[in-house]
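S.K.: Predicted model, plus sequence, below.
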Amino acid sequence: MMYQSKPLPSGSEGITAPLRYPTFRRIWLASLFTNLGILIQGVGAAWAMTQMTSSAGQVALVQTALLLPVMLIALPAGAVADMHDRRIVGLVALSIELCGATVLTVLDWLTLTTPNLLLALCFAVGSGMALMGPAWQSSVSEQVPSDALPAAIALNGISYNIARSVGPAVGGIVVATAGAVAAFALNALLYLPLMLALFLWKRISEHSRLPPEKLNRAMVSGVRYIINSPPIKIVLTRAMVTGVIGGAIVALMPLVARDLLHGGAEIYGILASAFGLGAVIGALNITEVRKRMSGEAAIRACALCMGGAVAAVALSRQPILTAAALVLAGVVWMMAWVVFSIGVQLSAPRWVAGRSLAAYQAVSSGGIAVGSWGWGQLTDVAGVDTALLVAAALMLASPLLGLWLPLPRISAGGEEAEMLEDPKVRLALTGRSGPLVVEIEYRIAQENARAFHSLMQEVQLFRQRNGAYGWSIARDIADPELWTERYHCPTWLDYLRQRNRSTQSERELDRQASAFHVGPDPIRVRRMLERPFGSVRWKEETPDRVANEPSPPISSPGA
């Protein structure tokens, strides 16, 4: 799937470049309204909870209820985004959010809302958000070319934070004048523009000649890819730590307005708007930051600034000073998340982009959700200011994690390679034939043995993340120049998928390994069907079928 517009003129690398693509522009503008509605509902839900209960833990659980579904269903949502039409997935997700917001509006209008019911409906809305996230973010690469992708990712963050800069203030005014029910109703209406934009998107689907994976296998493939991708694992770990610690400022902001500044819904809206304004400033400047700083340096600087800003919020009793600190917090909060998101999106190939983004959303939102709960519990025991000071101290210390897990350099490692032709076989196979054993024999000069073995550790990672099992490398003790790489695939169809998932950089690793081969004979590849006893033929006189006999074809649906 490619973007659907004419390419930009060369040199168009600014933050606004993706807006020249009509599909992206329409969806982006519509998302402004949807994000505005989500933020308005967030203010209504948080403030409604403060009116129903004095428990800081209950107030903080509003953020947990909205974000916990992202952690719980992100992986299935990512698999669905990779397996199905992302436009349709987005429409279904928005329908779920619309239903949750509508039910919440009706129940609050009838004065039937309770704290537990409010949390349950926030969880329902969050479930739609969880399903929407991977499909929406992974579809960006279908709307713009790869050189505009970092700017498009930043613009999506700007969309949310433009809404955040005005949405909470609008939400505070709406709640103060018409009650939380008006905020819930307005949110329901503002889902409609994005639903219309997705409905009008004429997405062109490119069917693979291989059928899609089943949901459970797709989830397993996604997990295996992430486990065997060190750069993505590091980004996810750092994102989770940032989310757990930084969740304090997000979850406790209503209590800052109520308990530290002694204000109402209007003050809360202003504080949230200040945070969102800072986030817009951060997103607008992310391009310059990426030019001047490495990913690791940017994250360290953001953590130090964030720690100082959170400490200032904890100590301040003046709304102006608190708002100024929140602007700074919003700037560095947004920059950190854009750096993390770009790292994931540029590292993952398209076949697993939705699942990689889902994992990123799961750890980031899950970190914020778990952190929100924990900071709420600490606030109940020690107070808002103490909880924020503890969070500030931890954020100031978090750059030390970079000494152990430094962020990898951000580069486009997920570039697609051309599909390979299927190997020629003489034994009739179906897609479910298997398990398949693959052996690759190399002849390596003894002086190159150490270098070859080191390179094969990288080959092992990409084979395993693309679907290989039981990988090993062996050296013949009678012929030390002979090395054998061996791995399994569950079925013939899994093998065809595995060999065609390699990116250009992974194919280059394969070529580097092949370059070590010496001798007159080429590298030998054996593909063998590993069959349990009794499955070859029913009767002794029945021969195995061969390739010229008819067998069920392997093709994609509708091909």
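M.R.: That came through fine. Numbers count the residues shown, from 1 in each chain.

S.K.: What backbone torsions are found at Tyr487?
M.R.: Dihedral pair for Tyr487: phi -160, psi 170, per degrees, to the nearest 10.

S.K.: do the same with Asp476
M.R.: Dihedral angles for Asp476 - degrees, to the nearest 10 - are phi -70, psi 120.

S.K.: Numbering from 612 from now on, please.
M.R.: Sounds good: first residue 612 from here, last item Asp1087.

S.K.: neighbours around it, how many?
M.R.: 12 (other Cβ atoms under 10 Å). C-beta here means a position set from N, CA and C on the backbone, and glycine is covered the same way.

S.K.: Isn't it up against Ile1055?
M.R.: No - counting by Cβ atoms under 8 Å, Asp1087 stays clear of Ile1055, with 10.7 Å between them.

S.K.: what do those two both touch?
M.R.: Common contacts of Asp1087 and Ile1055 (Cβ atoms under 8 Å, 6 or more residues apart in numbering): Trp1094.

S.K.: After the helix or strand of the chain with the lowest mean pLDDT, which helix or strand is next? Please name it.
M.R.: Ranked by mean pLDDT, DSSP states H and E, the helix or strand of the chain with the weakest confidence is helix 760-789, at a mean of 76. On the C-terminal side of helix 760-789, the closest following helix or strand by DSSP states H and E is helix 791-801.

S.K.: got the CA coordinates for that next one in CSV?
M.R.: C-alpha atoms of helix 791-801 as CSV (Å, rounded to 0.1, in the frame of the first residue of the first chain):
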residue,chain,number,x,y,z
ALA,A,791,-20.6,17.3,32.7
VAL,A,792,-23.5,16.0,30.6
ALA,A,793,-22.9,18.7,28.0
ALA,A,794,-19.2,17.7,27.8
PHE,A,795,-20.2,14.1,27.1
ALA,A,796,-22.7,15.1,24.5
LEU,A,797,-20.3,17.4,22.7
ASN,A,798,-17.7,14.6,22.6
ALA,A,799,-20.2,12.2,21.0
LEU,A,800,-21.0,14.8,18.2
LEU,A,801,-17.3,15.5,17.5
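
S.K.: Tell me the helix or strand right after that helix.
M.R.: Under the assignment DSSP H and E, the closest C-terminal helix or strand after helix 791-801 is helix 803-811.

S.K.: Give the other helices and strands that the host helix or strand of Phe734 contacts.
M.R.: For Phe734, the element it lies in under DSSP H and E is helix 726-749. Contacts defined by 3 or more Cβ pairs under 8 Å, 6 or more residues apart in numbering; DSSP states H and E place helix 726-749 against helix 633-663, helix 667-694, helix 697-720, helix 760-789, helix 930-958, helix 964-993.

S.K.: thinking again about what came up before, can you give me the angle the least confident helix or strand of the chain makes with helix 726-749?
M.R.: Per axes from the mean of the first three to the mean of the last three Cα atoms, to 10 degrees, the angle that helix 760-789 makes with helix 726-749 is 150 degrees.

S.K.: so how far is helix 760-789 off the chain centroid?
M.R.: The chain centroid and the centroid of helix 760-789 are separated by 20 Å under Cα atoms, centre = their mean, to the nearest Å.

S.K.: quick one: buried residues of that helix?
M.R.: 760-786 (16 or more other Cβ atoms under 10 Å).

S.K.: again, but for stretch 1111-1126
M.R.: Quick answer for stretch 1111-1126 (16+ other Cβ under 10 Å): Asn1111, Arg1112, Ser1113, Thr1114, Glu1117, Leu1120, Ala1124.

S.K.: right, and the pair among the residues you listed with maximum separation?
M.R.: For the buried residues of stretch 1111-1126, the maximum inter-member distance is 18.2 Å, found between Asn1111 and Ala1124 (Cβ to Cβ).

S.K.: what's near enough to touch the residue nearest to Gly874 when sequence neighbours are not counted?
M.R.: Of all residues not flanking Gly874 in the chain, Ala868 sits nearest, at 4.8 Å (Cβ to Cβ, 6 or more residues apart in numbering). Listed by Cβ under 8 Å, 6+ apart, the contact partners of Ala868 are Gly874, Gly875, Ile878, Tyr879, Leu882.

S.K.: Quick one, which of the residues you listed are buried?
M.R.: Gly874, Ile878, Tyr879, Leu882.

S.K.: Could you list which of those residues belong to strands?
M.R.: Judged by DSSP state E, strands contain none of those.

S.K.: least confident pick among those residues?
M.R.: Within the buried ones among the contacts of Ala868, Tyr879 has the lowest pLDDT, namely 81.

S.K.: separation between the residue lying closest to that one once chain neighbours are set aside and Thr933?
M.R.: Once flanking residues are discounted, Tyr879 sits nearest to Ala868: 3.8 Å by Cβ to Cβ, 6+ apart. As judged by Cβ to Cβ, to the nearest Å, Ala868 and Thr933 stand 9 Å apart.

S.K.: anything in contact with each of those two?
M.R.: Between them, Ala868 and Thr933 share the contacting residues Leu882, judged by Cβ under 8 Å, 6+ apart.

S.K.: show me what contacts Leu871?
M.R.: With Cβ under 8 Å, 6+ apart, Leu871 has these contacts: Ala925, Ser927, Arg928, Thr933, Val995, Asp996.

S.K.: quick revisit: out of the contacts of Ala868, list just those in helices.
M.R.: If you go by DSSP state H, the contacts of Ala868 have Ile878, Tyr879, Leu882 in helices.

S.K.: Sort out which one of the residues you listed lies nearest Leu728 for me.
M.R.: Distances from Leu728 to those, taken by Cβ to Cβ, are shortest for Tyr879, at 21.9 Å.
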